[in-house]
Each structure stands twice: as C-alpha cells, then as structure tokens.
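Undergrad: A structural model of the following input is requested.
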Amino acid sequence: MSRNLLKAGAIVGTLLTATVAVGTAWADASPTIRAVSIEVEYTDINLATEAGAESLYHRIVRAARTACGPTDARSSRVMSEYRGCLKQAVDTAVAEVNSPKLSAVHQNRSPPQASG
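TA: Presented below is the predicted three-dimensional model:
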C-alpha cells in the first residue's frame with residue numbers, strides 16, 4: 001500500500017454499507033450489501049507529531065462516516081450496525097497506518113459518534 005494513501009474502507013461482514021440510498025437498503029426486505037473504500041491522503045501530515053496524528057485521525061473518522069453511509073437514527077438496529085461499521089473502519093485504517101502516535105490518539109478517543 002502506498003505510504004501516502006490510506007484506504008479507510010468499511011469492511012463488510014454482516015454490516016450493510018453504502019454511500020447511496022442506504023436508508024432504502026436498510027428498509028428493503030432484500031438489502032444490497034456493498035463494500036465501500038475511501039482513500040485518505042496524508043502526505044501533508046507529519047505523523048511524528050501529535051498534531052499530525054490528530055489530523056489524520058479526524059480524516060479517517062470522516063472517511064469512515066462517509067463509507068458507512070447515512071443512517072436513520074430512528075432505528076436502534078440501524079444505529080447499532082452503523083456504529084459497528086464506524087468502529088471497524090476506523091480500527092482497520094489506524095492499524096494499516098501502523099503509527100504509534102496515531103494508535104495512541106485512537107486509544108484515547110471514545111468510539112466515533114454517528115454524526116459530526
């Protein structure tokens with residue numbers, strides 16, 4: 001994997017992820033399951049600094065939110081699956097970067113919230 005790009009992908013097991021019409025997919029009796037991968041560039045970030053690690057972490061979380069798709073906050077099942085998707089995508093991306101400072105930032109954060 002290129003050192004300047006990171007795929008903050010939503011790895012799909014039983015999670016449903018999509019960037020388009022995910023609300024429809026959740027409600028549909030036979031939902032479509034799609035894996036979504038978003039590249040996060042970080043050539044402009046110095047991962048040797050805490051500020052750089054924080055910056056990349058925020059980019060990863062934003063990409064994970066996009067990859068996991070919009071969600072219907074009225075459904076507790078959908079919200080639970082969405083939170084699981086966010087956690088898995090962020091955990092995977094942070095592990096792929098393999099930066100001690102980024103890992104420390106990740107460990108000190110609560111799980112990403114559904115919006116923000």
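Undergrad: quick check: beta-bridge partners of residue 40?
TA: On the basis of DSSP bridges, residue 40 is bridged to residue 6.
Undergrad: I figured it hits residue 63, correct?
TA: Yes - judged on Cβ atoms under 8 Å, residue 40 makes contact with residue 63 at a distance of 5.0 Å. Just so you know, the C-beta spots here come from the backbone N, C-alpha and C atoms, and that holds for glycine as well.
Undergrad: pick out whichever of these two has more residues nearby.
TA: Between residue 40 and residue 63, residue 63 has the larger neighbour count (other Cβ atoms under 10 Å), namely 23 against 19.
Undergrad: any stretches of the chain with poor pLDDT?
TA: 1-34, 110-116 (pLDDT under 70).
Undergrad: which helix is the longest one in it?
TA: helix 76-97 (DSSP state H).
Undergrad: just the CA trace of the helix or strand following that helix, in CSV.
TA: Following helix 76-97 in sequence order, the next helix or strand is helix 100-107 (DSSP states H and E). Extracted C-alpha coordinates of helix 100-107, given in CSV (Å, rounded to 0.1, in the frame of the first residue of the first chain):
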residue,chain,number,x,y,z
PRO,A,100,2.4,4.7,17.4
LYS,A,101,1.2,8.3,17.7
LEU,A,102,-1.9,7.6,15.6
SER,A,103,-2.6,4.5,17.6
ALA,A,104,-2.3,6.4,20.9
VAL,A,105,-4.8,9.1,19.6
HIS,A,106,-7.2,6.3,18.6
GLN,A,107,-6.9,4.6,22.0
